[in-house]
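Peer 1: dropping the sequence and predicted coords here.
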Amino acid sequence: MAESSKPWKKILYERQEYPDNYLDEEQFRKDLKNNLFVEIQTINEVIQSPVVLYLLQEMNSVFLFLSVFWQLEESTSVSLSPLVLISVCCFLSCLLLLSAITMNIISSSDSFECIKQSVLFILFLSGTSPILRTLTESISTDSLWCMTIISFLAHLAFHKYGIDGVLVSEAFSLNAAIFAVVCLVSRLPSSLHAFSLILFAVILFALLPQLRNHCNSGMSYLFFQALTLFLFLLVITLLSTHFDYGPLFVFIFCHFVLVVSLVAFVKLQFLRNTIHGPWDEAAIDLNDL
Amino acid sequence: MKHCICMVSDFFYPNTGGIENHIFTLSQHLIKQGHKVIGITHQYNDRVCVRYLSNYFKVYYVPFPCFYLEGTFPFLFCSFGIMREIFIRENVTIIHGHGAFSGLCGDSMFAGSVLGLPTVFTDHSLFGFADISSIITNKFLEFFLSDVSRVICVSYTSKENTVLRAALDPNIVNVIPNAIDSLMFSPDPTKRHPNMITIVIVSRLVLRKGADIMAAIIPIICERYPDIQFLIAGDGPKRVLIEEVREKHFLQERVQLTPGMIPHSQVRDILVQGDIFLNTSLTEAFCMAIVEAASCGLQVVSTNVGGIPEVLPNDLILLAEPNVSSLVDQLEVAITNHRSGSVMPAHVKHQRIKELYNWSSVTERTIKVYNSTSSRPGTLTIEKLQKYYNRGSIVIAIIYVLGIATAHLLLYIIEWIRPKHLIDKAASLPRQKQE
């Protein structure tokens, strides 16, 4: 290698007396920066974040749906009648609309539009529920349960728990849940049952998370904490009439998922590694334009 | 030593662009030096054939479908048979691939490693590490470049980027800048507007080229200086934005947009009409546009991103941070310089660029890279396996080793179906022989 008296410079506009593959150890990757914007979170910060609440609530939503399904499936005199479930749904949707207005997510002038759309949706659903009920009738029950469980797990895995990530996809998550619902619906005795269950599922999986994404502080957050607790108790009550060990299973499942995911999230943070350098695309300051 | 070089890329004539132009011109210069050059690319519409371009530059249009913007998917083993056939047929001694986004180029690097032919890879662009698509592309690149002989980058920033992306030994990476055909970009001050100062922009109108900044700068400059006009050549999704700004501020007479993208051969006619060239790119490995503009004798104002600060010396370029206020400041400096007449004469600039970035120097340096490569065994050796094995975590290593081992197994099968001695050798054309 030809040594030269002139120091090497990182420029192309001068032929330097160094070979083309010359490597200047000092200047090479001088501008490389690691983990510029990475914040390492401690276990306390994670536990206090709303994500934990969202995760618990979403798992409870799934179990609530399943327990309502079991209640509907048994057509005995004491079990849940579809008419009761429909009125519960109406009550819930009114509650959601009211809370959305009080939290200023939609203005009260838009509420008429909302009600119009809901009525349209309900009419459409009542028209299609006989079709939806018979869609998976010919598939064996075991296969249906298998598909349901996989879909619900996918729903939980891809759900947006208030933060963005590579895996998060709201559309996919919602579709997985609705697919699971359509799978189960064919085991119900009548179209009215199917209609009521799908309506309930839409409120639970489509509307509730939408509202939840807007409340992460103050009173509304407290309200959701109370709601999660209420959901949990409801699930346990409904399941205990159906399975002896149902409540225990729900309790263990929720806590297992919560503990494992939290510990994994905190402990695997050492793997976070971002690289920044002059090759990065410059970010435009939008206020500047 | 005369080589037979095989240029492989998805980006090829009849498509146009920076890489296409680079491959074509480099090949022409290599042919003039007496080397044999062939090209491999994917099919373009119904162009599935072997064609000769200027100076008997033979190009194979192989029937592989594109999957995204002229890029093919990395076919790995599927393209292996046809590549081997072409390499043997043409008696190729060096494989030279271009462009990290080109699946075909990656395949050829892999095929070269399996067959034991020396491989050279030229990277033309910068790439980040942030999103999922870049992670996947970088992993593919890492695999394909596991056993590469030499890598060429167009700037030192690009070298740092490529070394990180593909986990390469920096000593095998050479930096050879791009070049321009200086005869094509000669200055002509008579074409300039006598009373107005013209600011020229030649760029695709997309986010990466900073079209948003462009749109913000135009009204500010036009308001402050009544004798400034803009001439914009380019097309893209952000064209609407520029047209909107022009309409909103009633600048139809002072902001001229060419209808659509102009061919590379007409860029010079646009450039010579201007006094100042503005480049607002947000990322750039080398940036040919500013070199072409400087060669035409314009004052260059550019954002200070990527490899741009390496390209032109301070007396030929005004560098600004990639934001509106900084670029406006530097444009004002350029305007003041122009008014006071303290600008380097156009032909002096042209002469300097001609000495800096000419094709004969690029060709000479590229041949030096070719000469430094050596052929390798075309069998599965422990050294080759180790190269693939030492590429990262154990999972990646196992996938890579399985890949290369399968390819060698496949080579035995192909060797049995199509033995080497049964493949016809293409005759060299007399013209190529004689030179």
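Peer 2: Thanks, I have it. Remember, predicted model here, so these are calculated numbers, not experimental data.
Peer 1: low pLDDT regions in the chain?
Peer 2: Going with chain A. A:1-4, A:75-79, A:215-220 (pLDDT under 70).
Peer 1: chain B is the one I meant
Peer 2: In chain B (pLDDT under 70), the answer is B:68-70, B:430-435.
Peer 1: number of nearby residues for the residue nearest to A:F63 when sequence neighbours are not counted?
Peer 2: Spatially, and ignoring its direct neighbours in sequence, A:F63 is nearest to A:V235 (4.6 Å; CB to CB, 6 or more residues apart in numbering or on different chains). (Glycine included, C-beta is placed from N, CA and C.) Look at A:V235: counted by other CB atoms under 10 Å in any protein chain shown, it has 25 neighbours.
Peer 1: can you give me the buried ones in the host helix or strand of A:V235?
Peer 2: Following DSSP states H and E, the helix or strand that holds A:V235 is helix A:218-240. Neighbour counts using 16 or more other CB atoms under 10 Å in any protein chain shown place A:220, A:224, A:228, A:231-232, A:235-236, A:238-239 of helix A:218-240 among the buried residues.
Peer 1: which elements pack onto the helix or strand harbouring A:W70?
Peer 2: Here A:W70, judged by DSSP H and E, is contained in helix A:50-73. The contact analysis (3 or more CB pairs under 8 Å, 6 or more residues apart in numbering or on different chains; DSSP states H and E) places helix A:50-73 against helix A:82-102, helix A:141-158, helix A:170-185, helix A:191-202, helix A:208-212, helix A:218-240, helix A:246-267.
Peer 1: same thing but at 6 Å, please
Peer 2: helix A:191-202, helix A:218-240 (3 or more CB pairs under 6 Å, 6 or more residues apart in numbering or on different chains; DSSP states H and E).
Peer 1: tilt between the longest one and helix A:50-73?
Peer 2: Translated: helix A:218-240. 40 degrees (axes from the mean of the first three to the mean of the last three CA atoms, to 10 degrees).
Peer 1: same check, this time on the first one
Peer 2: Taking the same axes, to 10 degrees, one finds that helix A:191-202 is oriented at 180 degrees with respect to helix A:50-73.
Peer 1: in terms of helices and strands, where is the spatially closest residue to B:S265 that is not a sequence neighbour?
Peer 2: Distances taken as CB to CB, 6+ apart place B:M184 nearest to B:S265, at 7.5 Å, with adjacent residues excluded. Under the criterion DSSP H and E, no helix or strand holds B:M184.
Peer 1: where does the stretch 51-200 of chain A get nearest to chain B, residue-wise?
Peer 2: Using CB to the nearest CB, A:V166 is the residue of the stretch 51-200 of chain A that sits closest to chain B, at 5.8 Å.
Peer 1: so who does that residue touch?
Peer 2: Shown in contact with A:V166 (CB atoms under 6 Å, 6 or more residues apart in numbering or on different chains): B:I132.
Peer 1: so it, which state does it fall into?
Peer 2: Three-state assignment for A:V166 (DSSP: H, G, I helix; E, B strand; the rest coil): coil.
Peer 1: now do A:F28
Peer 2: coil.
Peer 1: how much space between it and chain B?
Peer 2: With distances taken as CB to the nearest CB, to the nearest Å, A:F28 is found 7 Å from chain B.
Peer 1: enumerate the positions of stretch B:117-131 that are buried.
Peer 2: Those would be B:117-129, for stretch B:117-131 by 16+ other CB under 10 Å.
Peer 1: restricted to strands, list the residues you listed.
Peer 2: Of those, the ones assigned to strands by DSSP state E are B:119-123.
Peer 1: any chance of a markdown table for these, columns distance to chain A?
Peer 2: Putting those into a markdown table (distance: CB to the nearest CB, whole Å) gives the following:
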| residue | distance to chain A |
| --- | --- |
| B:T119 | 16 |
| B:V120 | 12 |
| B:F121 | 13 |
| B:T122 | 12 |
| B:D123 | 11 |
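Peer 1: distance of the residue lying closest to A:Y18 once chain neighbours are set aside relative to A:E25?
Peer 2: The shortest distance from A:Y18 to any non-neighbouring residue, by CB to CB, 6+ apart, is to A:W8 (5.4 Å). Counting by CB to CB, to the nearest Å, the gap from A:W8 to A:E25 is 10 Å.
Peer 1: which one's more surrounded, the two?
Peer 2: A:W8 (15 against 7).
Peer 1: show the contacting residues for B:D10.
Peer 2: Contacts of B:D10 (CB under 6 Å, 6+ apart): B:42, B:70-72, B:102, B:104.
Peer 1: and the chain, what are its domains?
Peer 2: No chain was given, so I picked chain A. A:81-213, A:215-254 (automatic domain parsing).
Peer 1: actually it's chain B I care about, not the one you picked
Peer 2: Split by automatic domain parsing, chain B gives B:4-179+B:361-434, B:189-357.
Peer 1: among the domains of chain A, which comes closest to B:K32?
Peer 2: domain A:81-213 (49.7 Å; CB to CB).
Peer 1: does chain A sit close to the longest helix belonging to chain B?
Peer 2: Determined from DSSP state H, the single longest helix within chain B is helix B:394-417. No - under the criterion of CB under 6 Å from any CB of the partner chain, helix B:394-417 makes no contact with chain A; the nearest approach is 13.6 Å.
Peer 1: now do the nearest residue to B:S125 once chain neighbours are set aside against B:G18, distance only.
Peer 2: Spatial nearest neighbour of B:S125, excluding adjacent residues (CB to CB, 6+ apart): B:A285 at 5.2 Å. Here the criterion is CB to CB. By it, B:A285 lies 9 Å from B:G18.
Peer 1: which one of those two has more residues nearby?
Peer 2: The neighbour comparison of B:A285 against B:G18 (other CB under 10 Å) goes to B:A285, with 24 against 19.
Peer 1: about what we covered before: so the residue nearest to A:F63 makes contact with A:S61?
Peer 2: No - applying CB atoms under 6 Å as the test, A:V235 and A:S61 come out as separate, 9.1 Å apart.
Peer 1: residues contacting the residue nearest to A:F63?
Peer 2: So A:V235 contacts A:60, A:63-64, A:67, A:250 (CB under 6 Å, 6+ apart).
Peer 1: make CSV out of the residues you listed and add distance to A:F152 and neighbour count.
Peer 2: Below are the contacts of A:V235 laid out as CSV (distance: CB to CB, whole Å; neighbours: other CB atoms under 10 Å in any protein chain shown):
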residue, distance to A:F152, neighbour count
A:N60, 12, 23
A:F63, 9, 23
A:L64, 12, 20
A:S67, 13, 24
A:V250, 13, 23
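Peer 1: return the member of those nearest to A:S151.
Peer 2: Once CB to CB is applied, the member of the contacts of A:V235 that ends up nearest A:S151 is A:F63, at 14.6 Å.
Peer 1: how many neighbours does the residue nearest to B:M83 when sequence neighbours are not counted have?
Peer 2: When the adjacent residues along the chain are set aside, B:M83 lies closest to B:A111, with 4.3 Å between them (CB to CB, 6+ apart). Number of residues near B:A111 (other CB under 10 Å) recorded here: 26.
Peer 1: output the contacting helices and strands for the strand or helix carrying B:A111.
Peer 2: Secondary structure assigned from DSSP H and E places B:A111 in helix B:103-115. Applying 3+ CB pairs under 6 Å, 6+ apart, we find helix B:103-115 packed against strand B:4-8, helix B:80-90, strand B:94-98, strand B:119-123, helix B:132-144.
Peer 1: turn the ones you listed into JSON lines, columns for distance to B:D227.
Peer 2: Shown next, in JSON lines, are the helices and strands packed on helix B:103-115 (distance: least, CB to CB, whole Å):
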{"stretch": "strand B:4-8", "distance to B:D227": "48"}
{"stretch": "helix B:80-90", "distance to B:D227": "58"}
{"stretch": "strand B:94-98", "distance to B:D227": "44"}
{"stretch": "strand B:119-123", "distance to B:D227": "43"}
{"stretch": "helix B:132-144", "distance to B:D227": "45"}
